[in-house]
Every structure is written in structure tokens, then in C-alpha cells.
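can't give you the sequence, but here's the structure:
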């Protein structure tokens, strides 16, 4: 018999919805193994049989809790495969997730990514609950520049438009004219119709964009701690060891790495290149987990992995996602005045690229 719970007010209903829930059973039973087998078939080439008994109960619990909480998970390409393929409702790079965040109907969004991404989701959904599984999941690029830095740049370059990479805080976005991602940076820069543009904070992305446009690009000295570690010597050593290897680089890499790559593109551009070309062997010069996630979809390609891991992305785990859903913890909030101005910068980007 169905039990109906009665609430005397909308506030009481909301408190019930957000109340902590009991931790589910996380035993790997024969019944659970059978239920989860189709999902494991999808990721079996990148998740070992030893790992699956630990992951499967967590995945089952998370997917059940999403229904109870009316929640969705936005999973960045740098998440590990058990998160990306098994609990993520929407997957993609920063631009794709920004678009999805703008259209999500669920009441709760779990950001399986870093803090600036969760802030972007909040900007696009000011009335929704945005949770991040670990508040310490930061970003070296976001930490490389502050709102005061942008104000000083504006004073130093009066009248020059400021484009900020989405890998920045809401406070920085609020001081800029428009946002960009690595996939649309050239389009955003050229859309401004200005002879000179400040493109912050990633120095290497700015240098790459400068090679793709006639607009004069003024850069900041921020760098991604993952991509800046790759070297041309490392790439050439890989090529010598793996004849026929195709090298696909992210524009956050140093210029000397981009110069010797077979293709340079955004996260989504790299993925599409592999899917379209089906190389026998490929090396994605970016965060290591992306190779595992693409390998699920392109099983006929061998991925050679230099494997630089983002320590911030790797703070997100199934256990922390489960706790976020159970206890509705680590909510992301933004000062309303900052949010209003930052939202304009993000919306200009999304509207332009749409």
C-alpha cells in the first residue's frame, strides 16, 4: 500500500526534500552484480575487474539517489571513467557543460568537476541548488588571477575588451566583457570587432589564439599546471618509441608542443578528431583520464598515455558524490551583485556560440 506524506507548507516539503538520507547498503551482492553487468560491459576496458566490486554499489546508490533528489550530474571529460560514464547525466568540456547547465530542469546539480565549473552552473541556474563534492577542487588557472588584477589591466589598457577563459572565478568573470573556452576562443575574440583584445588568464591559450587571428592578443601569465608540464622532448621520445603515433594537443600546452602536434584543439575538438579519424595509435596531450573516457567510445584505437593527472579534478570521487547527495553538502553560492555581472559574461559566450 502506498504511503502518502502530507506537508502543511511548501517550506516543510522543501526541508524534507533536502534532509539528510540514510546511507545505502554498499555490498556487492550477486543480485547487484547481475543488475550492473550491462554498465560494466561499457567500461570494462578501462575499469578493472578488481575495481568494479567497489565501484558498482556506489554507482547504483548514486543513480538511485539522483531520482530521489531530482538531481543531475554534470561530468567533465577529466573525470575518471566510473564517474564520467556510469553516473554522469551530461558529459563534456567546459562549453558543453555551460550549455547543459543553462537548460537543466532538475532542482539539484552536482558538478563533477572543479569549483569554477560549479560557479558557472550557479550563474546559469541562480534558483537551483548547485553542489560540488569537494570544496577544495580548485584550478591553477582560476587561482592565477583576481578581480583586482582585471581592474588593473583595464586601467593599463583603457578601452581594450577583456575576454576571460571560463577557468576563472565568478568574481573575475564579473570584471570582464565576455567569457570563452578553448573551443570558441578565436570566435569570441573576433566577435568583438576590436584591433586588440586582452585574453586572460591562460598564457599558452592566448599565444595559440594569436596564431589563428589577426587580432592583437594581450596575454596574462597564468598556466594550467597539467598542460604546462608537457614538453616537446617528451613528445618526440613517445613518437620514437611508437612509430605511427598521432599526437593531439590541447591549446593550453606550451607552444613548442603545439608546433609538433598533428592536431591542436579543444577538449571536444580532440575527441571529435579521434572519432572522425580512428587512428591506430594516438596520444592525447591533456589530462590523463580523458584518454580512458574516449577509449570507451573508440575501442579500436590504442591510446598512448603520458598521463599527467589534475590533482584538483581527482579530488572528485564516487564516495564524495554519494555524500553530496546524501547530505546535500557543499552548496555553491555567489554574491548576487557579482553573479549578475558574471552571468552576463557567460551568457554572451553561450549566446554567441549557440
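Cool, the structure landed. Source: prediction; values computed, not measured.

now do the SS call for residue 137.
Of the three states, residue 137 takes coil under DSSP: H, G, I helix; E, B strand; the rest coil.

near it, how many other residues are there?
Using other Cβ atoms under 10 Å, the number of residues around residue 137 comes to 24. Just so you know, the C-beta spots here come from the backbone N, C-alpha and C atoms, and that holds for glycine as well.

residues in contact with it?
Counting by Cβ atoms under 8 Å, 6 or more residues apart in numbering, residue 137 makes contact with 113, 114, 115, 312, 313, 315, 316.

same thing with residue 206?
So residue 206 contacts 199, 200, 217, 218, 219, 220 (Cβ under 8 Å, 6+ apart).

closest to residue 142 among the residues you listed?
Proximity of the contacts of residue 206 to residue 142 was ranked by Cβ to Cβ; the top entry is residue 200 with 11.1 Å.

pretty sure the closest one is touching residue 219, no?
Yes: with contact defined as Cβ atoms under 8 Å, residue 200 reaches residue 219; the gap is 7.4 Å.

looking at the two, which one has more neighbours?
In this view residue 200 and residue 219 are compared by other Cβ under 10 Å, and residue 200 has more residues nearby, 28 against 17.

the more buried one - nearest residue in space that isn't next to it in sequence?
residue 220 (4.1 Å; Cβ to Cβ, 6 or more residues apart in numbering).

what sits against the residue nearest in space to the middle of the chain?
For the chain, the residue nearest the mean C-alpha position is residue 76 (3.4 Å; Cα atoms, centre = their mean). Residues near residue 76 by Cβ under 8 Å, 6+ apart: 84, 91, 92, 93, 94, 97, 112, 113, 114, 117, 313.

which of those tops the neighbour count?
Result: residue 112 is most packed of the contacts of residue 76 (other Cβ under 10 Å), 31 neighbours.

now the one helix or strand residue 64 maps to: buried residues?
According to DSSP states H and E, residue 64 maps onto helix 52-69. By neighbour count on 16 or more other Cβ atoms under 10 Å, the buried set for helix 52-69 is 52, 55-63, 65-66, 69.

please apply the same query to stretch 182-192.
182, 183, 184, 185, 186, 188, 189, 191, 192.

before we move on, what about stretch 214-234?
215, 217-220, 222-224, 226-228, 230, 232.

got the contact list for stretch 36-56?
28, 32-33, 59-60, 81-82, 85-86, 292-293, 295-296, 299, 318.

out of those, which are inside helices?
32, 33, 59, 60, 81, 82, 292, 293, 295, 296, 318 (DSSP state H).

buried among those residues? Make that a PyMOL selection.
Buried residues within these, by 16+ other Cβ under 10 Å, are selected in PyMOL with:
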select buried, resi 32+59+60+81+82+292+293+295+296+318
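
pick out the most distant pair among the ones in helices among the contacts of stretch 36-56.
Greatest spatial distance in these: 32 and 295, 25.4 Å, computed using Cβ to Cβ.

ok, the nearest residue to residue 277 once chain neighbours are set aside - contacts?
Once flanking residues are discounted, residue 277 sits nearest to residue 246: 7.6 Å by Cβ to Cβ, 6+ apart. By Cβ under 8 Å, 6+ apart, residue 246 lies in contact with 262, 263, 277, 279, 281, 282, 283.
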